[in-house]
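Colleague: generate a structure from the sequence data that follows.
(chains A and B)
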Amino acid sequence: MVARALPSRNELFDILDEVKDPEVPVLSVVELGIVRDAAASDSGISITVTPTYSGCPAMREIEAEIRTALEAHGLGPVEIRTVYAPAWTTDWIAPAARDKLEAYGIAPPGPARESDELVPLRRARVRCPYCRSTNTEQKSAFGSTACKSIWFCRECRQPFEEFKAI
Amino acid sequence: MAPLFPYLLRLADDRLVLGHRLSEWCGHGPILEEDIALANISLDLIGEATLLLKLAGEIEGQGRSEDALAYFRDAIDYRNALFAELPRGDFAFTIVRQFLFSVFSLLQMEALTKSANADLAGIAAKAVKEARYHVRHCAQWVVTLGDGTEESHARAQTALDELWRYTGELVMADDVDRDVANAGLGVDPSTLASAWRAEVDRVLAEATLTVPQVTYMQRGGRDGKHTEHLGHLLSEMQIVARSHPEATW
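Modeller: Here you go, the predicted model:
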């Protein structure tokens, strides 16, 4: 039997940072806050994940890719546990990841607290990720995926997506 | 444990059946943005139903998965309110119904975040965020239609007139509700009635719509007594799973 040191939580997170979200391929599942915990034991690897939306259709693919990434590093068996509390919030997306989103053409989410009001006060306009103008308007509260809404920039005449703050 | 299973079926079936009704709009929305919106709301509701049915199956302890509960129960075993199964009607009917339900769902899920069952509390915390977004979107549309053209106002008012007698069942309580409420697991829907009504009245007033004078509230769904519409809905929803029960994809 070959003695081998168990990977630390940080090492596991580094591996999972290679797994990109299939619908927002510029961010990893770690950067999005989908991976909540990771632990290694003699019996295998345990990963805790939480979905962004209750009906997010990408979760199964994400789980499969997490498995594949860990197995590619010779780790396993992999057990994936799904938790719903605390509920996922866009506030978990770190500043560096927000910059990546904007560079990719998706306006990053504003503070989630602001969107908690049932009838929100007129919120700050979303900044266009292409020309940085705030002369923008929301075209559709819902977008191509559960996590996005559709906006239009009046300056550069570009439609763009915003990551919905929840 | 015993009372939570039938209670979870009520929560889940409202969302699964209404989510299916919304999905019928996919490709038929009046404008592209609304087509996308209805499909997104549908996805949220079906997602919530999936989590609730999974939990229901675990609590029942008979090895039934969320798919088994969704696809292999007949209408008589469904526990959604009749409100959810009525045909989708026109866009005004769909929007008015979705508004009335979303306000209720938001209040219900907010209360359920305090459930003594940690899994249910977690599912509710997610659903609150989704329901809040739905309320906001639908309320905007109710005002747009109600306080819009003569045609849109008439359609929204007709929808409200038709739907109102089915709203009572959402906030009616029986022993199933009272048992889970007493155990700290669930919420008695009748305790949400006044808050629901206040929020609904506020938006309907803004929309210049009038609550119809209805004294009799239709009920039955919570006991498995459904309209003829549910059977047709289920036949479409369940056909693939029942024709190919072993299929995976």
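Colleague: so the residue of chain B found nearest chain A is in which element?
Modeller: Of all residues in chain B, residue B:47 sits closest to chain A, at 2.2 Å by C-beta to the nearest C-beta. Heads up, the C-betas are built off the backbone N, CA and C, glycines and all. Element membership of residue B:47 [criterion: DSSP states H and E] is helix B:32-60.
Colleague: same question for that helix, mean pLDDT?
Modeller: Predicted confidence along helix B:32-60 averages 96 (mean pLDDT).
Colleague: for the helix or strand just after that helix, packing partners?
Modeller: Sequence-wise, the next helix or strand beyond helix B:32-60 is helix B:66-71, with elements assigned using DSSP H and E. Contacts defined by 3 or more C-beta pairs under 8 Å, 6 or more residues apart in numbering or on different chains; DSSP states H and E place helix B:66-71 against helix B:4-23, helix B:32-60, helix B:228-243.
Colleague: pLDDT averaged over the shortest one - what is it?
Modeller: Here the mean pLDDT over helix B:228-243 is 97, rounded to a whole number.
Colleague: now the first one
Modeller: Here helix B:4-23 scores 98 as its mean pLDDT.
Colleague: what angle sits between the longest helix seen in chain A and helix B:32-60?
Modeller: As assigned by DSSP state H, the longest helix anywhere in chain A is helix A:59-72. Using axes from the mean of the first three to the mean of the last three C-alpha atoms, to 10 degrees, the inter-axis angle of helix A:59-72 relative to helix B:32-60 is 70 degrees.
Colleague: and helix A:59-72, is it in reach of chain B?
Modeller: No: using C-beta under 8 Å from any C-beta of the partner chain, no contact is recorded between helix A:59-72 and chain B, whose separation bottoms out at 9.4 Å.
Colleague: any idea how far stretch A:140-159 is from the chain center?
Modeller: Here stretch A:140-159 shows a centroid-to-chain-centroid distance of 18 Å under the convention C-alpha atoms, centre = their mean, to the nearest Å.
Colleague: got the contact list for it?
Modeller: Contact with stretch A:140-159 is made by A:23-24, A:52-53, A:55-56, A:58, A:106-107, A:126, A:128, A:130-131, A:133, A:135-139, A:160-164, B:32-33, B:36-37, B:39-41, B:43-44, B:133, B:136-137, as judged by C-beta atoms under 8 Å, 6 or more residues apart in numbering or on different chains.
Colleague: again, only using 7 Å
Modeller: The contact list for stretch A:140-159, computed with C-beta atoms under 7 Å, 6 or more residues apart in numbering or on different chains, reads A:23, A:52-53, A:55-56, A:106-107, A:126, A:128, A:130-131, A:133, A:135-139, A:160-164, B:33, B:36-37, B:40, B:43-44, B:137.
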